[in-house]
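Visitor: sequence and predicted model, in that order:
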Amino acid sequence: MEALEASRAVALLGARQVGKSTLVHELSRADYPAEYISLDDPGAASAARSDPTEMIANLRGPVVIDEIQRAPDLLLAIKVKLDSDNSRGQFLLTGSADLLTLPTIADALPGRVEYLRLWPFSQAELRGARSTFVDLAFAGRFPGVAEAPVGRRAIAPRLLTGGYPEAQEQHPRGLARFFESYVDSLLSRDLTDVASVREPANVSEVLQMLAARSGAILSINGIARDLGISRVTVEKHVAILERLFLVRRVRAWHRNLGAKLVKSPKVHVVDSGLLAHLIGADETRLVDDGGVAGAVLESFVAMELVRLAELCDRPPLIHHYRDQRQREVDVVLERRSGEIVGVEVKAGASPDADDFAGLRHLRDTLGERFKAGVLLYTGSRTIPFGDRLAAVPVSGLWQDEKG
């Protein structure tokens, strides 16, 4: 609502099934009274494609257009209308693809539209809490967790369910059916909205390979070699999966450290439930296989931090850090002021000093710029580990001021 009061148009972007349509439909009936047009409706989509200028010219008052990527030429007609009318809140648009990266759209609306992103639910949202984790860390403080459930078995149900609204309260077979249908629908239906792909099966195979490497450094050449397809094809398919909000690249952080650094991005599947489905992991495997649990937990934490960061008044950028001496930090949060918070992830319940090697390196190199280093682990309580360092149970991510 703040964005609609400040901008001529707002575009709410996010994956299928994260609740965009539900949210804007509710707004259009109350807080933002508007005509509601869904381009999932074949008739509306056909009209929008056949004469987008006529459709926009006939609109009166504010309007919600849901799934705008199904008729991208509408955006050019919207641009013309916005250029002739400077009033606020004329359009609320949604898209299940990242409109900023679509070739037909990228240059249409800069400066005219405010873009917001809707991710699957964070764990704080599912609990009805307002997490203060990020702001607390930048203040050099840590959540005071005292009696968290211990071990991977306690966190496994959250990892397997993830944050999609429809996945909540599902039993294991229901979850498997939901995620299988979800991926099939995206790659058969929405794929054509964002790219022209000769062999859609290759996109599915690249997604599987990215899931197997979630939380790791992205190697385009390695995936190309393993699948027997070109590097260019893999790069294009990774970009497509990013447009569909299925995966996210996290860039390397390498400012002013004076060392030889690994500058390749990491890749994360956006939702831990989807990730577990793609790699075939169930609760037993997450509990018994530390390697699988560590990879899923790292992607879970990274994407929780992406969600929480966007809620901050001073949203930090999200990176990872690794140098050629294998010192690494799973997530580096950086404010525009240059302040840094490091977050390392461990699937075990017993932290030790060695787990803080990367965080200590950042602290000692950056000095006062380094505000806090957090090791998120599966133990029961917050434990100080020296100057500006602490081990914190994973549940500290969704603890609010009241605990």
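Guide: Ah, there it is.
Visitor: what about stretch 5-19, start to end distance?
Guide: This stretch, stretch 5-19, spans 22 Å end to end (Cα to Cα, to the nearest Å).
Visitor: that stretch: how far from the chain's middle?
Guide: Offset of stretch 5-19 from its chain centre (Cα atoms, centre = their mean, to the nearest Å): 15 Å.
Visitor: tell me which residues in it are buried?
Guide: 7-19 (16 or more other Cβ atoms under 10 Å). For every residue, glycine as well, the C-beta is placed using N, CA and C.
Visitor: what about the residues you listed, which are in strands?
Guide: Ala9, Val10, Ala11, Leu12, Leu13 (DSSP state E).
Visitor: which ones are touching the closest residue to Phe245 other than its chain neighbours?
Guide: Leaving aside its sequence neighbours, Phe245 sits nearest to Ala15 (Cβ to Cβ, 6 or more residues apart in numbering; 3.7 Å). Listed by Cβ atoms under 8 Å, 6 or more residues apart in numbering, the contact set of Ala15 reads Ser96, Trp119, Pro120, Leu186, Leu244, Phe245, Leu246, Val270, Asp271.
Visitor: in the chain, which helix or strand is least confident?
Guide: Across the helices and strands of the chain, mean pLDDT, DSSP states H and E gives its lowest value to helix 191-194, namely a mean of 74.
Visitor: contacts for it, please.
Guide: Contacts of helix 191-194 (Cβ under 8 Å, 6+ apart): Gln69, Arg70, Ser96, Ala97, Leu102, Val197, Pro200, Val203, Ile240, Arg243, Leu244.
Visitor: which pLDDT value goes with Arg255?
Guide: Looking at Arg255, its pLDDT reads 68.
Visitor: quick revisit: nearest to Asp352 among the ones in strands among the buried residues of stretch 5-19?
Guide: Of all these, the one with the least separation from Asp352 (Cβ to Cβ) is Leu13, at 41.6 Å.
Visitor: not counting its neighbours along the chain, what's nearest Leu116?
Guide: Using Cβ to Cβ, 6+ apart, the nearest residue to Leu116 is Leu12, at 5.2 Å.
Visitor: give me the distance between the one you found and Ile65.
Guide: Distance of Leu12 to Ile65, computed by Cβ to Cβ, to the nearest Å: 11 Å.
Visitor: find residues that contact each of the two.
Guide: Common contacts of Leu12 and Ile65, defined by Cβ under 8 Å, 6+ apart, comprise Leu92, Leu93, Thr94.
Visitor: could you list the domains of this protein?
Guide: 2-117, 123-398 (automatic domain parsing).
Visitor: between those domains, which gets the lowest average pLDDT?
Guide: Minimum mean pLDDT among the domains of the chain: domain 2-117, a mean of 88.
Visitor: how long is it end to end?
Guide: With Cα to Cα, one end of domain 2-117 sits 14 Å from the other.
Visitor: stretch 280-298 too?
Guide: Rule used - Cα to Cα; the end-to-end distance of stretch 280-298 is 17 Å.
Visitor: next one: stretch 5-17
Guide: Stretch 5-17: ends 26 Å apart by Cα to Cα.
Visitor: got it, and stretch 163-183?
Guide: So stretch 163-183: terminal residues 15 Å apart, Cα to Cα.
Visitor: what residues sit buried inside it?
Guide: For stretch 163-183, by 16+ other Cβ under 10 Å, it's Gly163, Tyr164, Glu166, Ala167, Gln170, Leu175, Ala176, Phe178, Phe179, Tyr182, Val183.
Visitor: which ones among those residues map onto strands?
Guide: Per DSSP E, the buried residues of stretch 163-183 never map to strands.
Visitor: dump those residues to TSV, plus distance to Glu283.
Guide: Shown next, in TSV, are the buried residues of stretch 163-183 (distance: Cβ to Cβ, whole Å):
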residue	distance to Glu283
Gly163	18
Tyr164	18
Glu166	20
Ala167	15
Gln170	14
Leu175	11
Ala176	13
Phe178	17
Phe179	15
Tyr182	20
Val183	21
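Visitor: ok, so of those residues, who is nearest Leu286?
Guide: Closest to Leu286, out of all of the buried residues of stretch 163-183 and judged by Cβ to Cβ, is Leu175, at 13.3 Å.
Visitor: now the closest one, nearest residue through space, not along the chain?
Guide: Ala167 (6.0 Å).
Visitor: what about that neighbour, distance to Tyr36?
Guide: Distance from Ala167 to Tyr36, by Cβ to Cβ: 26 Å.
Visitor: check Thr22 too.
Guide: 12 Å.
Visitor: what number of residues lie near Leu286?
Guide: Burial of Leu286 is recorded as 24 neighbouring residues (other Cβ atoms under 10 Å).
Visitor: so which of the shared contacts of Leu12 and Ile65 sit within strands?
Guide: Those of those lying in strands (DSSP E): Leu92, Leu93, Thr94.
Visitor: and for the first one, nearest residue in space, chain neighbours not counted?
Guide: What that stands for is Leu92. Val64 is the one closest to Leu92 (Cβ to Cβ, 6+ apart), at 4.7 Å.
Visitor: wait, a strand at that neighbour?
Guide: Yes - under DSSP: H, G, I helix; E, B strand; the rest coil, Val64 falls within a strand.
Visitor: now do the contacts for it.
Guide: 24-25, 27-28, 32, 34-37, 91-94.
Visitor: try 6 Å
Guide: Val24, Ser28, Ala34, Tyr36, Leu92 (Cβ atoms under 6 Å, 6 or more residues apart in numbering).
Visitor: give me the phi and psi for the first one.
Guide: Torsion angles at Val24 (phi, psi; degrees, to the nearest 10) stand at phi -70, psi -30.
Visitor: surely Gln240 and Ala195 touch.
Guide: Quick fix: residue 240 reads Ile, not Gln. Yes - Ile240 is within contact range of Ala195, at 4.9 Å (criterion: Cβ atoms under 6 Å).
Visitor: which of the two has more neighbours?
Guide: Ile240 (23 against 18).
Visitor: which of the three states applies to that one?
Guide: Three-state call for Ile240 (three-state DSSP): helix.
Visitor: quick one: contacts for it?
Guide: Counted by Cβ under 6 Å, 6+ apart, Ile240 has contacts Val194, Ala195.
Visitor: try the one 5 residues further on
Guide: Applying Cβ under 6 Å, 6+ apart, we find Phe245 in contact with Gly14, Ala15, Val270.
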